[in-house]
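Asker: Next comes the sequence, and after it the predicted model I'd like to discuss.
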Amino acid sequence: MNERVTTGMESSNVLIPPPGRESAGQGGRARVIPFSKVVCDGNELAYIREVLESGWLTTASKTKAFEEKFSEVVGARYCCAVNSCTSALHLGLEALGVGPGDKVLVPTMTFTASAEVIRYLGAEPIFLDVDFGTALLTEAIVEEALDAHPEAKVLTVVHFGGQAAAMLDGERGGILALCRQRGVRVIEDAAHAFPAREGGRPVGSLGDVTCFSFYANKTITTGEGGMLTTDDPEIAERVRVMRLHGIDRDIWKRFISEYPMWEYDVIAPGYKYNMPDLNAAIGLAQLERADVLRDARERCARYYFDVLGDRADLDLPVIRVPFADHAWHLFWIVVQPETVGRNRLIELLSQRGIGTSVHYKPLHRMKYYRERYELDPGRFPGAERLWRGCLSLPLYPSLCDDDLRYITDSLVDCLG
Ligand SMILES: Cc1ncc(COP(=O)(O)O)c(C=O)c1O
């Protein structure tokens, strides 16, 4: 019995053997395929060396360069590097003016970070169901929620698994247009969605604020890290101040300015959310290879669709965007209840050395949210159907054809 608690964030739920022990003491396992594996085969070490040699390890020129490159790639006017996507979401909501008692719409099928940041500010999340096929919010779900909660101030959209929600696309012009008509601001949780596109535009250039994650299992990583993008100069300015203690002078400006470094003022009780240069160095190298890494993930996803696409005992994700516009962070399957079932399948795959994860146990089922908001699962049929059978398979650039064949052969075998 696997007693580890899985959060959907871990690198693997299969123990990775120490180097040199791959073939020994594996309990007879043919091989070990972790759920997630970082690929750092570009300029990561070279850029880290530059930082170490510069003697300036925290936020400085590498972070600045990372922001500038990211800004070019996603087509956003302002990029603010921070130490996680969670801090980006917190800063973004704060800059949008969310405060005590405000209502923020958020999907239930997401990681707790999407909703916890609403509570940090004393505001209240209103949980929305998602579409079963895509695990995304749809125009129809958002329209119904806006009608039911005209007081809502902000909508959080999660681009689940790396596929953008219909921000620009739909009978009413898409989710963004619907929100603009009602004066509701939009923050995008793009923790899974770099690089991704919607309606021909990069995610990061669409809503009022977009937040990316560079956690170790994400499509590009800085170890831990995040980025907030916006086209709004006031939001960017507020985020820059609040990410570093509410100090009125940006750390980089203090570093390069003629003005004395020690001279600053504090204009609000801010946070300590800046990204250190050591992390930005990894991010810069990852960014250079982001398209190659994305293409390699797409290759894995195509393999899964080809081999598993016709099975009656599985539902595969519905892809609403061109494959090239998907970041392919996750590949989930939904196991029909009449098979061995999701939980047993996880155990059987784990016995064969294959790491899997679950994205997600929806937030309406989590004690804190369930009890505080008296949430009834019956209100979330799409998320409930997903939750009962969902299982995420390994999806990362270094999976070779042989690994993919081993995963799908094992899966088919275990399903019976
Ligand atoms: C949908 C979603 N939002 C936010 C986060 C938080 O990201 P970070 O770990 O960078 O704070 C995650 C992390 O996995 C996530 O999956």
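Answerer: Looks like it came in fine.

Asker: Which is the succeeding secondary structure element to the lowest-mean-pLDDT helix or strand in the chain?
Answerer: Least confident helix or strand of the chain, by mean pLDDT, DSSP states H and E, is helix 251-256 with a mean of 66. Going down the chain from helix 251-256, the next helix or strand is helix 277-288, by DSSP states H and E.

Asker: I'd like the average pLDDT over stretch 68-87.
Answerer: For stretch 68-87, mean pLDDT is 98.

Asker: just the residues of this protein that are near the ligand, which are they?
Answerer: Residues of the chain found near the ligand (CB under 6 Å from any ligand atom) are 9, 84-86, 110-111, 113-114, 158, 189, 191-192, 213, 215, 226. Yep, even glycine has a C-beta here, placed from its N, CA and C like the rest.

Asker: From the residues you listed, which land in strands?
Answerer: Taking DSSP state E, the ones among the residues of the chain next to the ligand that sit in strands are 158, 189, 213, 226.

Asker: For the last one, list each beta-bridge partner.
Answerer: When you say that, I think you mean Gly226. Gly226 has these beta-bridge partners by DSSP bridges: Val82, Ser213.

Asker: what's the answer for the second one, then?
Answerer: Partner residues in beta bridges with Asp189: Val158, Cys211, with DSSP bridges as the criterion.

Asker: residues near it, how many?
Answerer: By other CB atoms under 10 Å, 29 other residues sit near Asp189.

Asker: The helix or strand encompassing Val334 pairs with which strands, parallel or anti?
Answerer: Assessed by DSSP H and E, Val334 sits inside strand 331-335. Looking at strand 331-335 with DSSP bridges, its partner strands are strand 314-315 (antiparallel), strand 390-393 (antiparallel).

Asker: Give me the next element, helix or strand, following that strand.
Answerer: Next along the chain after strand 331-335, taking DSSP H and E as the criterion, comes helix 342-351.

Asker: Show me what that following helix is packed against.
Answerer: When contacts are defined as 3 or more CB pairs under 8 Å, 6 or more residues apart in numbering; DSSP states H and E, helix 342-351 sits against strand 390-393, helix 401-415.

Asker: middle-most residue in this protein, spatially?
Answerer: Ala191 (2.1 Å; CA atoms, centre = their mean).

Asker: Please enumerate the helices of the stretch 101-250 of the chain.
Answerer: 113-120, 139-148, 175-182, 233-242 (DSSP state H, counting those that start in this stretch).

Asker: So this protein: which segments form each domain?
Answerer: As recorded under automatic domain parsing, the domains making up the chain are 44-288, 290-415.

Asker: Deepest in the core, which of the ones you listed is it.
Answerer: With neighbours defined as mean count of other CB atoms under 10 Å, these peak in mean count at domain 44-288, which reaches a mean of 21.
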